[in-house]
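> prediction below, plus the sequence it came from.
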Amino acid sequence: ATMKIYGHIEEKSIPEFTSPLQCTDGVTIKELKEMFCEKYSFKHPDAKIEPEDLIVTSSSGKQMRDSSFAKKELDPGDDIFFKLTSIRASTTKVSDSVTEAKENTPTKMSVSPSIVPPAKKSQQITIKSPTGVTINQQSMGTLLQQLDILIQKGENYAATGKWREAMQSFKDVLVTMPHHKIALFHLAEMYMAAGKFAYAVEELKKAADYFPDEVLIWQKYTEALFSNKEYKEVLIAINRMAELPLDAPTTIQLQILQAKALNKLGENKTAFSIIQSILARDQDIKEALLAYADILYSSGPSVEVMRVYLKLLIQHSGDINMKRGIARIVQDLGVNVLLKEMEMDGSSTKASALAFLGNTVKEFGALKECCDLYTRAIIVREKLLAEGDTEAQKYIGTFELNLIHCQEILCQYSEAFQRLKIFSKTHRKLVLGTFPWEYLDDWLDTIPNLESISNLKKFASGNFPEISPWDASITLNDKELDLLALLLTLAKILYCVGALRDLEKVIKVIEPVRNKRPELYETGIRNEHAYYCCIMELMKFHQLQLEDSKSPLNFQLEEPLPDVPKIYVSGDSHCLATGWRYVEISGKTHLLVPKLVTGLKCWHLRENTIFFPKKNFWNVMDTIPVGSNVIFIFGEIDCREGFVKSIEKCRYDSLEEASEVSIEFYVAAMRTLVSKKKFRIFVHPAPPVLIPTRKTVKVFNSVLKKRLEKEKGIYYMDFSDGLLTEDGEGFNSKYDLDQTHMNPLYLPLVTKQLEPHFQ
């Protein structure tokens, strides 16, 4: 979970600054300093501070150690204060040319020194007057004040996340003063943050040409060139910077960038030599260690690479590049090598450390290794419990929940089911409110394996004793939440494999325990709870007894039909509404089989992604037989979480552009499946259920429809308008399940689109 705190710096020698900081698990005080310095540099680029210049104190004045974890030291909403231990003169000095420009201004103004660019003697400050009128000194003073106001407005917009408005403010400044230093610098930084590196290079090139002695501009220019993959230009720019007066930290950063560029150009030995010389002076520079690991890895995976990442893990446990690197090397060398290097292969192994490693590698696709680490964590925990270690009790259920979720991503539902059986047998004396855990153990004993109850098979599992409601006013602790999450996840697995009769029994147990506790939506198990609530509502439709013999819901599950053709429906949670429904298409009965992919955006399907939802997608595809008919329901999460933020941050100029980019990745994945697995794919429109994203979904579906017009073997299902009210503005309440998902009553719209393809 993420925690927000507020950082402040109040020093006489540099501008004051306050900024919110986001803390996740594992973030250290040292990393908070790095975050704060990055934000400070954006706000005040001429007053550069470095993490090593700062000490951190709480509101009570207590100094905090760099190695301390932020979440252990602080509470949500706390204030922390950054104080200078020393500050280099170069970070606060104002160039003589700027001072001279201020002294030549005829009126006294409140203008920051950085606003007036230091003009070179051979050049004049370029100012464009919209009216073409010559600007005198008095007018210059007024103009500079106006530009200062625009800069401040842009910085305020950027600080509040209004990037588009911020960029426009900086562009407005540049219309009048094309070589305004701060406007160019801020605009370039925002282009870099938006991933538009070529634009950043262009702006910084102007700034570097006009301000050839500004170290900060040149440094940012080299970074932009590297991000734009112009590695030779990086080396040229760094050589040019050798003529400038550089402080030690800047010199080190440039040397690291130089080594990285050389490595990209195949000059590994030279790159290696540069990084070695840096680390010989200071072995704890994060950027140098990351570069060192990359250079080593370019020659192949090795134990030495792993050692570097383990050093980073200890010092910078929240760093995303470290996580990516350690996940990669663990997949290459294996968990045994990892634990041996950490000296964790013996009896001293700590269960919590194994679990932490599991979480670390999972995020970047090392799923089998994550399962291995959590399995080992469980073994160690049980050993510690047997020895009477009370500390280990807090992990009962926690490790199993994480392991089972990882097995879900791998589509190992049977293994997840068996893991829950083992846990329930081992801990049958647990009690969750009014529910004795032994009831679950006894019930699971009546089911030999998941296959015996899956795919609508008729199987007589046992029954649960009746459970009385658990007082809803009781707030659940972490252990109780994890146990409840295990039950909720069991319900999800049973639905995904089609064990609906058994699911009904589990729901009858969960409901009195859950007892509609409103706070569950705000806890760490909110995702498990959301899936469960969706499934529970869908099960009500499976239980309906309808008189209309033509209704798609008329088929009851008491007696499953003989084997009928299957149509697989793969998607995010929206695919669940179609699950285990019999439908008539061209006079023939078909069964809709859900194939859930958790949390996937179309954006995740791009080639260089290693995020686990993409792994989940391809694992799910492996479970679908070659030559199948498959319906895809993806894109709604892009519309809800991805596009608006990306447009706000200026990655894209419009919803159409954002949609086009993600849809290209979506189509590329589908083409691969048509080619390699001979799928015939029917593309379901993104569901327009949610009010805040309906406009975005409409644009996405329009772009998707147009993009698929010429594709072979991929067909767009054009019924999105049928999900809306007559005016096209609202969602048809007839099809609403829970104000987030559709209910199965919309399926005739689906079958109508399938009819022409099943003649």
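On my side now, so go ahead.
> for the rest of this, base every contact and every neighbour count on C-alpha atoms.
Will do.
> show me where pLDDT drops low in the stretch 301-450 of the chain?
Where the stretch 301-450 of the chain drops to pLDDT under 70, the residues are 344-349.
> try the stretch 51-200 of the chain
Residue ranges of the stretch 51-200 of the chain with pLDDT under 70: 85-138.
> can you pull out the helices in it?
Counting by DSSP state H, counting those that start in this stretch, the segments of the stretch 51-200 of the chain that form helices are 70-73, 89-92, 96-103, 137-159, 163-176, 181-193, 197-210.
> please apply the same query to the stretch 251-400 of the chain.
For the stretch 251-400 of the chain, the helices defined by DSSP H, counting those that start in this stretch cover 268-281, 286-297, 303-315, 320-333, 335-341, 351-362, 367-386, 398-409.
> distance between the first one and the chain's centre?
So that's helix 268-281. Relative to the chain's own centre, helix 268-281 is displaced by 33 Å; criterion: Cα atoms, centre = their mean, to the nearest Å.
> tell me which strands and helices that helix is in contact with?
Judged by 3 or more Cα pairs under 8 Å, 6 or more residues apart in numbering; DSSP states H and E, helix 268-281 is in contact with helix 248-264, helix 286-297.
> averaged pLDDT, that helix. What do you get?
The average pLDDT within helix 268-281 is 94.
> angle of it against helix 286-297?
Interaxial angle of helix 268-281 relative to helix 286-297 (axes from the mean of the first three to the mean of the last three Cα atoms, to 10 degrees): 140 degrees.
> and Ile691, which of the three is it?
Applying DSSP: H, G, I helix; E, B strand; the rest coil to Ile691 yields a three-state assignment of coil.
> who's in contact with it?
Listed by Cα atoms under 8 Å, 6 or more residues apart in numbering, the contact set of Ile691 reads Gly730.
> pLDDT score for it?
At Ile691, the model reports a pLDDT of 93.
> any idea how far it is from Thr740?
Separation of Ile691 from Thr740 (Cα to Cα, to the nearest Å) stands at 9 Å.
> what do you get for Ala353?
38 Å.
> ditto for Thr475
According to Cα to Cα, Thr475 and Thr740 sit 26 Å apart.
> which residue of these two possesses the greater neighbour count?
Taking neighbours as other Cα atoms under 10 Å, Thr475 and Thr740 compare with Thr740 leading, 15 against 12.
> where's Ala159 relative to Phe17, distance?
The gap separating Ala159 from Phe17 is 11 Å, by Cα to Cα.
> next: Met306.
For Met306, the distance to Phe17 equals 39 Å [Cα to Cα].
> just the element for the nearest residue to Thr489 once chain neighbours are set aside, please.
With Cα to Cα, 6 or more residues apart in numbering as the criterion, Thr489 has its nearest non-adjacent residue at 6.2 Å, and that residue is Glu528. Secondary structure from DSSP states H and E places Glu528 in helix 526-542.
> quick one: contacts of the helix or strand just after that helix?
In the C-terminal direction, the helix or strand that comes right after helix 526-542 (DSSP H and E) is strand 566-571. Where contact means Cα under 8 Å, 6+ apart, the residues beyond strand 566-571 that reach it are 575, 578-579, 590-598, 624, 628-634.
> now do the buried residues in whichever helix or strand comes after strand 566-571.
Counting by DSSP H and E, the element after strand 566-571 in chain order, helix or strand, is strand 581-585. Judged by neighbour count (16 or more other Cα atoms under 10 Å), strand 581-585 contains these buried residues: 581-585.
> next one: stretch 192-207
192, 194-201, 203-207.
> tell me which of the residues you listed is nearest to Cys37?
Checking the buried residues of stretch 192-207 against Cys37 by Cα to Cα gives Met192 as the nearest, at 17.3 Å.
> how about the contacts made by that closest one?
By Cα under 8 Å, 6+ apart, the contact list for Met192 reads 200, 224.
> hmm, back to that, mind putting the helices of the stretch 51-200 of the chain into a markdown table with distance to Cys23?
Listed next are the helices of the stretch 51-200 of the chain as a markdown table, based on distance: least, Cα to Cα, whole Å:
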| stretch | distance to Cys23 |
| --- | --- |
| helix 70-73 | 7 |
| helix 89-92 | 28 |
| helix 96-103 | 39 |
| helix 137-159 | 18 |
| helix 163-176 | 22 |
| helix 181-193 | 20 |
| helix 197-210 | 28 |
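> can you tell me which of those helices is most buried?
Of the helices of the stretch 51-200 of the chain, the one with the most neighbours on average (mean count of other Cα atoms under 10 Å) is helix 181-193, at a mean of 23.
> quick one: it to chain centroid distance?
Taking Cα atoms, centre = their mean, the mean C-alpha location of helix 181-193 is offset from the chain mean by 25 Å.
> that one versus helix 137-159: what angle between them?
If you take the same axes, to 10 degrees, helix 181-193 sits at 20 degrees to helix 137-159.
> gap between Val583 and Val564?
According to Cα to Cα, Val583 and Val564 sit 11 Å apart.
> about what we covered before: looking at the helices of the stretch 251-400 of the chain, which is closest to Glu214?
Distance to Glu214, taken as Cα to Cα, is lowest for helix 286-297 among these, at 23.0 Å.
> that closest one versus helix 248-264: what angle between them?
Counting by the same axes, to 10 degrees, helix 286-297 lies at 20 degrees to helix 248-264.
> what does helix 286-297 contact?
Helix 286-297 has contacts (Cα under 8 Å, 6+ apart) with 253, 256, 259-260, 263, 268, 271-272, 275-276, 278-279, 283, 302, 304-305, 308-309, 312, 316, 321-322.
> whichever of those residues end up buried, select them in ChimeraX.
Command for ChimeraX, covering only those of the contacts of helix 286-297 found buried under the criterion 16+ other Cα under 10 Å:
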select :253,256,259,260,263,268,271,272,275,276,278,305,308,309,312,316,322
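> contacts for stretch 657-676 next, please.
For stretch 657-676, the external contacting residues (Cα under 8 Å, 6+ apart) are 602-603, 605-606, 638, 643, 646-647, 652, 679-681, 699-700, 703-704, 713-714.
> low-confidence regions, the stretch 551-700 of the chain specifically.
Low-confidence segments of the stretch 551-700 of the chain (pLDDT under 70): 551-562.
> what about the helices in it?
Using DSSP H, counting those that start in this stretch, the helices of the stretch 551-700 of the chain run over residues 612-622, 636-637, 643-648, 655-676, 694-707.
> including distance to Lys220 and mean neighbour count, could those go into JSON lines?
As requested, the helices of the stretch 551-700 of the chain are exported to JSON lines (distance: least, Cα to Cα, whole Å; neighbours: other Cα atoms under 10 Å):
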{"stretch": "helix 612-622", "distance to Lys220": "32", "mean neighbour count": "20"}
{"stretch": "helix 636-637", "distance to Lys220": "34", "mean neighbour count": "24"}
{"stretch": "helix 643-648", "distance to Lys220": "23", "mean neighbour count": "18"}
{"stretch": "helix 655-676", "distance to Lys220": "27", "mean neighbour count": "18"}
{"stretch": "helix 694-707", "distance to Lys220": "35", "mean neighbour count": "19"}
